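J.: give me a model of this one.
(chains A, B, C and D)
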Protein chains: 4
Amino acid sequence: MSVIVEFSIFPMDKGQSLSPYVARALKMIRDSGLPYELNPMGTCVEGEWSEVVSLVDRCFQELQKDCNRINLSLKADYRKGPPGRLKSKVESVKEKLK
Amino acid sequence: MSVIVEFSIFPMDKGQSLSPYVARALKMIRDSGLPYELNPMGTCVEGEWSEVVSLVDRCFQELQKDCNRINLSLKADYRKGPPGRLKSKVESVKEKLK
Amino acid sequence: MSVIVEFSIFPMDKGQSLSPYVARALKMIRDSGLPYELNPMGTCVEGEWSEVVSLVDRCFQELQKDCNRINLSLKADYRKGPPGRLKSKVESVKEKLK
Amino acid sequence: MSVIVEFSIFPMDKGQSLSPYVARALKMIRDSGLPYELNPMGTCVEGEWSEVVSLVDRCFQELQKDCNRINLSLKADYRKGPPGRLKSKVESVKEKLK
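T.: Predicted structure coming up:
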């Protein structure tokens, strides 16, 4: 019943150096205990749907404290079946690439 | 304190005729009472952050009933200030286009 | 052979009032002659794949003139078959909603 | 003058096992010679704007050969300055997380 969610969240009213804000969101992600992977354009997190929704909610509320404009983009891929897809999706493609 | 969320949700295991599933999600959106606009690639909804998160959650759970794989994509634009941005954002751009 | 592309493009180094920049991109879209629809979160354009790619390219190059950081997000839905889907996709969903 | 583009492309008319199609697109990416990183939800590629646009175009045309419906989603982050951001963006966030 796992969902993989990739999302990125950043303020639009704080200039172009965004990594301090991204780091605050990432701290929420890390502290959630859910498996995650940071990439150059976002973070992929795997969990139950309700867990990842709650996590995204907490990240938004963290930035909302001091940001007047926030941009969030999110993609979710839900598939009925066992978890572990954070690894298996990438491996499945690499396997076929050989 | 308004957020505009645009999202699209569809099953990936039901072939390429998706409008019956999109309609089920859209029914949830309509029944929420929040202002919304359907476009060819998604639906824009405006509300409080907690309201729109709860709505996206209900849409997901509706499709999860009978879909084994679901794709969701979402963009949110939060801006501190008065609501009504579903109209005002488009008008502001059109004004400058003249 | 039509593609519908929805995209949004904005500078990340110009503060939070983005409509002047969005208007410059929209002018490119309007001048392309392709059918389009502006919505609160982006613009949907329909055309041949090569036409829409070329249009997105021109929008990017327009903003690149004076923006040091640019964010672009884009979704494309290609379907073999007749054009006119900018209208027919929305109508198909609304029909099923009744 | 580097752009990082993250994109995912898959057919919507071939059922839910998509990795063979993703692998065909990834082969195009690998053969481009541009630095890239595969993640569970897409692939990040860094290059000049014209290079990455041309690459996305080739991936689309590869799938168009035998797919009747194709979904593409793409995010681009352009920043005037030196390349190497595929690594430096992630490192910058991790640094601040400590």
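J.: going forward, measure contacts and count neighbours with C-alpha atoms only.
T.: Fine.
J.: is it true that A:Tyr78 touches B:Asn71?
T.: Yes - counting by C-alpha atoms under 8 Å, A:Tyr78 touches B:Asn71, with 6.6 Å between them.
J.: is any part of stretch A:15-35 close to chain D?
T.: Yes - using C-alpha under 8 Å from any C-alpha of the partner chain, stretch A:15-35 reaches chain D at A:19-20, A:22-24, A:26-27.
J.: please, where are all the helices along chain A?
T.: With DSSP state H applied, chain A shows helices at A:19-32, A:49-64, A:85-97, listed in chain order.
J.: how about these, which one is nearest B:Phe60?
T.: For the helices of chain A, proximity to B:Phe60 was assessed by C-alpha to C-alpha; helix A:49-64 is nearest, at 8.9 Å.
J.: could I get the buried residue list for the closest one?
T.: In terms of neighbour count (16 or more other C-alpha atoms under 10 Å in any protein chain shown), helix A:49-64 has its buried residues at A:49, A:52-53, A:55-56, A:58-60, A:63-64.
J.: do stretch A:19-38 as well
T.: Residues of stretch A:19-38 classed as buried: A:19-29, A:32, A:36-38 (neighbour count, 16+ other C-alpha under 10 Å).
J.: quick check: residues of chain A near chain C?
T.: Counting by C-alpha under 8 Å from any C-alpha, the residues of chain A close to chain C are A:12-16, A:69.
J.: by pLDDT, give me the weakest of those residues.
T.: Within the residues of chain A next to chain C, pLDDT reaches its minimum at A:Gln16, with 80.
J.: quick one, what contacts that one?
T.: Residues in contact with A:Gln16, defined by C-alpha atoms under 8 Å, 6 or more residues apart in numbering or on different chains, are C:12-13, C:69.
J.: between these, which is closest to chain B?
T.: Within these, proximity to chain B (C-alpha to the nearest C-alpha) peaks at C:Met12, which comes in at 13.8 Å.
J.: does the closest one really touch A:Gly15, like I thought?
T.: Yes - at 6.8 Å, C:Met12 and A:Gly15 qualify as touching, with contact defined as C-alpha under 8 Å.
J.: more crowded one of these two?
T.: The neighbour comparison of C:Met12 against A:Gly15 (other C-alpha atoms under 10 Å in any protein chain shown) goes to C:Met12, with 24 against 13.
J.: for the helix or strand bottoming out on mean pLDDT in chain A, packing partners?
T.: Using mean pLDDT, DSSP states H and E, helix A:85-97 stands out as the lowest-scoring helix or strand of chain A, at a mean of 93. On a contact count with 3 or more C-alpha pairs under 8 Å, 6 or more residues apart in numbering or on different chains; DSSP states H and E, helix A:85-97 meets strand A:2-11, strand A:42-47, helix D:19-32.
J.: so which of the ones you listed is nearest B:Lys98?
T.: strand A:2-11 (29.4 Å).
J.: ramachandran angles for A:Gly84?
T.: When read as degrees, to the nearest 10, the backbone of A:Gly84 gives phi 100, psi 10.
J.: many thanks, have a good one.
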